[in-house]
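Visitor: sequence? don't have it. structure:
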């Protein structure tokens, strides 16, 4: 079909990207004992892309990210025995992603979405259903990061004396981000079929209420000491110890909230905002002490047969995004529902999902979506059709860590040929996991996925539950809960043959036989299909 046909819909939109990059690096010798180095990397791009399946160019997504990376280091050798390197780095990232029509008030389309914040302008996402593509831009946007900044300072000193080579030092990090991600902030409406679209019979709608903007920061530090001890001319031991602390994320206005079923005084709680029952969203771990051991042995002292072995324990450095933006987050929990009279919640921000037509108003000029105060995230002891989805973090959350160990033998089989056979393994412990701890129990499901949820079945019969006892929070729907249920294990046999020729030419051949099984293939495992059987995620 010709694109000049006025009845045609052009899906062949052109992605437009252009960028500017700049790199600067310099080294300056201050004197015979001190060298100063600096670097700066700058990147700026402009992008307009088809990141979904838009019907109009107005509904493409656009962004113009800008990043800066600056680093400086001072290398010093005050004496023959001492050396020191101090480093400072600063990273900045600024980005805003939104649909191309983000400057258009939805009332210009004849739709009143209730948006008064210009950041939420643009056509809402509306899907007619069936084989028809949806109208509007990507409902994950807008996203504003304005900007994120990370500061890091480290210092490492080395002292050599006799058979010992001592290294010790530390690192401190501070990061903050002004973050505004209003997924479904423009609203989203889905229809089952085209005839439902014509009659206005909504299958499901979603709307983000409140202000999702957060100014979040996080700080951490680490200390280490290491000794490379030459026990004999052909035997060296490596002994090290490291200590790390990463503090919980913090919002400048204390607008983070966590699910806490019971307070420290034993009183039932629920969704608790920082500063109104808890001092921080989750605990600080102060016991992250990790050893490092290693050995290198030249068996015959001729450099032809060398055995190496090592063991290490490494604690993960959790980031801000671990606790936010993961299908929800501590930033989107509707705080104020924990200790108030039902129906009078002090809601800061939350995502509401309605699986029927309730609340939608198609009257001309009327707000399509109901006001946040209209029985959302609340309950009346009888009906639970206005539950809110939450994200919780275990109040006894541990820092994940990984054991690494290896054993390898290097053998010179010819003057220019080296064969290495190695056993390499690691084991992840207390890795982050996310499960829905309020998943419906099929045996107790009432057909509407309400009473079957544990936080409803626990409630007294007078509140619509089954009287099982325990935490009773009927206003909670899905409750994605971050804890430490995941783990991993990896074993491998690695064989490498290196043959060196003349003029820098060499041949490298390798073979690896490995076996891995885990419940988390990345830093943070996703919510499993069945949270009631988490071990089924082993793969």
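Guide: Good, I have the coordinates. It should be emphasised that the depicted structure is a prediction, and the values quoted were computed from it without experimental measurement. Numbering: from 1, shown residues only.

Visitor: Which strands border the one helix or strand residue 156 maps to, and is each parallel or antiparallel?
Guide: Per DSSP states H and E: residue 156 is located in strand 143-161. Partners of strand 143-161 in the sheet, by DSSP bridges, are strand 82-99 (antiparallel), strand 164-181 (antiparallel).

Visitor: Any buried residues in the lengthiest helix in the chain, and which?
Guide: Secondary structure of the chain per DSSP state H: the longest helix is helix 194-199. Using 16 or more other C-beta atoms under 10 Å as the test for burial, helix 194-199 gives 196-197. All C-beta atoms are positioned from the backbone trio N, CA, C, and that covers glycine.

Visitor: follow-up on the earlier one: the strand holding residue 156 - what's its average pLDDT?
Guide: For strand 143-161, mean pLDDT is 93.

Visitor: roughly how far out does stretch 249-265 sit from the chain middle?
Guide: In terms of C-alpha atoms, centre = their mean, to the nearest Å, the centre of stretch 249-265 is found 19 Å from the chain centre.

Visitor: Which residues does that stretch contact?
Guide: Applying C-beta atoms under 8 Å, 6 or more residues apart in numbering, the external contacts of stretch 249-265 come out as 214-218, 268-278, 280-282, 320, 323-324, 330-331, 333-335, 338, 348-349, 390-393, 395, 471, 473, 476, 479, 481.

Visitor: hmm, which of those residues are the buried ones?
Guide: For those, buried by 16+ other C-beta under 10 Å: 214, 216-218, 269-274, 277-278, 281-282, 320, 323-324, 330-331, 333-335, 338, 348-349, 390-393, 395, 471, 473, 476, 479, 481.

Visitor: Now, the residues you listed that are in strands?
Guide: Using DSSP state E, 214, 216-218, 269-273, 349, 390-393, 476, 479, 481 are the members of the buried ones among the contacts of stretch 249-265 that sit in strands.

Visitor: residue contacts, residue 64?
Guide: Residues near residue 64 by C-beta under 8 Å, 6+ apart: 44-47, 95-96.

Visitor: In PyMOL, select just the buried ones from these.
Guide: Applied in PyMOL, the following selects the buried portion of these according to 16+ other C-beta under 10 Å:
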select buried, resi 47+95+96
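
Visitor: can you list the contacts of residue 64 in TSV and add distance to residue 28 and pLDDT?
Guide: Below are these laid out as TSV (distance: C-beta to C-beta, whole Å; pLDDT from 0 to 100):
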residue	distance to residue 28	pLDDT
44	27	95
45	31	94
46	35	93
47	37	92
95	33	93
96	37	93
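
Visitor: so which of the contacts of residue 64 comes closest to residue 312?
Guide: Closest approach to residue 312 among these (C-beta to C-beta): residue 95, at 35.6 Å.

Visitor: my guess is the closest one meets residue 145, correct?
Guide: Yes. Using C-beta atoms under 8 Å, residue 95 makes contact with residue 145 at a distance of 4.8 Å.

Visitor: burial count for residue 420?
Guide: 16 (other C-beta atoms under 10 Å).

Visitor: cool, residue 535 as well?
Guide: 8.

Visitor: Nearest residue to residue 81 in space, please, no chain neighbours.
Guide: residue 160 (5.3 Å; C-beta to C-beta, 6 or more residues apart in numbering).

Visitor: Give me the neighbour count for the one you found.
Guide: The tally of other residues near residue 160 (other C-beta under 10 Å) stands at 15.

Visitor: Repeat that for residue 298.
Guide: Number of residues near residue 298 (other C-beta under 10 Å) recorded here: 17.

Visitor: What of residue 16?
Guide: As a burial measure, residue 16 scores 11 neighbours (other C-beta under 10 Å).

Visitor: beta partners for it?
Guide: Residue 16 forms beta bridges with residue 48, as assigned by DSSP bridges.

Visitor: Residue 98 too?
Guide: residue 62.

Visitor: I'd say it and residue 62 touch.
Guide: Yes. Between residue 98 and residue 62 a contact is recorded at 6.7 Å, counting by C-beta under 8 Å.

Visitor: more crowded one of these two?
Guide: For residue 98 versus residue 62, the count of surrounding residues by other C-beta under 10 Å is larger for residue 98: 22 against 19.

Visitor: which residues of the stretch 301-450 of the chain fall in strands?
Guide: Assigned by DSSP state E, counting those that start in this stretch, the stretch 301-450 of the chain shows strands spanning 305-315, 349-354, 388-393, 401-414, 417-436.

Visitor: re earlier: isn't the residue nearest to residue 81 right up against residue 167?
Guide: No. If you go by C-beta under 8 Å, residue 160 and residue 167 don't touch, sitting 9.7 Å apart.

Visitor: how about low-confidence regions in the chain?
Guide: 1-12, 264-268, 325-327, 335-350, 372-386, 448, 521-525, 537-539 (pLDDT under 70).

Visitor: Now do the helices in it.
Guide: Remark: helices assigned in the chain by DSSP H are 194-199, 454-457.

Visitor: Can you read off the backbone torsions of the residue lying closest to residue 370 once chain neighbours are set aside?
Guide: Among residues not flanking residue 370 along the chain, residue 359 sits closest, at 3.9 Å (C-beta to C-beta, 6+ apart). Main-chain torsions, residue 359, degrees, to the nearest 10: phi 100, psi -20.

Visitor: Residue 359 and residue 352, how far apart?
Guide: The gap separating residue 359 from residue 352 is 9 Å, by C-beta to C-beta, to the nearest Å.

Visitor: Residue 426 now?
Guide: Residue 426 sits 42 Å away from residue 352, going by C-beta to C-beta.

Visitor: who has more neighbours, the two?
Guide: Remark: of residue 426 and residue 352, residue 352 carries more neighbours, 23 against 17, as counted by other C-beta under 10 Å.

Visitor: I'd say the more buried one and residue 207 touch.
Guide: Yes. The pair residue 352 / residue 207 is scored as a contact, 5.5 Å apart, by C-beta under 8 Å.

Visitor: List the contacts of the residue lying closest to residue 30 once chain neighbours are set aside.
Guide: Once flanking residues are discounted, residue 30 sits nearest to residue 36: 5.7 Å by C-beta to C-beta, 6+ apart. Residues in contact with residue 36 (C-beta under 8 Å, 6+ apart) are 27-30, 72-74.
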